[in-house]
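Visitor: sequence first, then the predicted structure:
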Amino acid sequence: MLATRADPRAIRWVRFAADCAEHVLSLTGSARPEAEAAIRSARAWAEEPSEQNREVAERAAEAAEDAAIYADADFAYAGDAANTAAGAAYAAADFAYAAEHAADAACSAYSAAGADEPDWQLERLRYYGLQYPQEALA
């Protein structure tokens with residue numbers, strides 16, 4: 001779980017979630033602009049974890065989620081991919097489950113498309129010195 005906004009581990013989770021979102025960005029279809037904005041806002045919070053950046057990330061996450069609803073009709077995996085970006089931004093906005101949600105949505109989007117997302121994510125987790133909590137692996 002994410003700790004406080006300024007906790008270095010929380011910052012690493014947000015960066016990981018943003019990486020997941022970027023990895024499936026090509027699947028976002030018509031939701032791409034909102035997904036890109038959510039990723040940018042998550043990364044901005046990771047660079048400077050301020051209340052102002054948290055609020056921007058929260059608004060970007062909401063916009064990406066709204067876009068994901070409509071993207072589903074346009075492209076088979078766009079909703080999951082856009083939700084990945086929303087998850088990254090929500091992680092920056094201090095929702096404890098959001099980084100793991102972003103990773104799950106990325107797996108969903110890419111696994112359905114036939115790629116091997118879990119292995120890529122494990123490499124990124126090692127890069128950031130993170131691991132999923134045991135309850136997330138059950």
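Guide: Sure, I can see it.
Visitor: could you use CA atoms for every contact and neighbour count after this?
Guide: Will do.
Visitor: could I get the full set of helices for the protein?
Guide: Here the chain has its helices, by DSSP state H, at 8-23, 32-47, 51-74, 78-92, 98-112, 117-128, 134-137.
Visitor: just give me how far stretch 35-44 sits from the chain centre.
Guide: 9 Å (Cα atoms, centre = their mean, to the nearest Å).
Visitor: alpha carbons of that stretch, as CSV, please.
Guide: C-alpha atoms of stretch 35-44 as CSV (Å, rounded to 0.1, in the frame of the first residue of the first chain):
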residue,chain,number,x,y,z
ALA,A,35,-4.4,9.3,-20.8
GLU,A,36,-1.3,11.3,-21.7
ALA,A,37,-2.4,14.1,-19.4
ALA,A,38,-3.0,11.7,-16.5
ILE,A,39,0.5,10.2,-17.0
ARG,A,40,2.1,13.7,-17.1
SER,A,41,0.3,14.7,-14.0
ALA,A,42,1.3,11.6,-12.1
ARG,A,43,5.0,12.1,-13.1
ALA,A,44,4.7,15.8,-12.1
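Visitor: quick one: mean pLDDT for that stretch?
Guide: Average pLDDT, stretch 35-44: 90.
Visitor: can you check stretch 116-135 too?
Guide: In the prediction, stretch 116-135 has an average pLDDT of 77.
Visitor: buried set for that stretch?
Guide: 117-118, 121, 124-125 (16 or more other Cα atoms under 10 Å).
Visitor: would you turn these into JSON lines with distance to Glu36?
Guide: As requested, the buried residues of stretch 116-135 are exported to JSON lines (distance: Cα to Cα, whole Å):
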{"residue": "Glu117", "distance to Glu36": "20"}
{"residue": "Pro118", "distance to Glu36": "22"}
{"residue": "Gln121", "distance to Glu36": "19"}
{"residue": "Arg124", "distance to Glu36": "20"}
{"residue": "Leu125", "distance to Glu36": "21"}
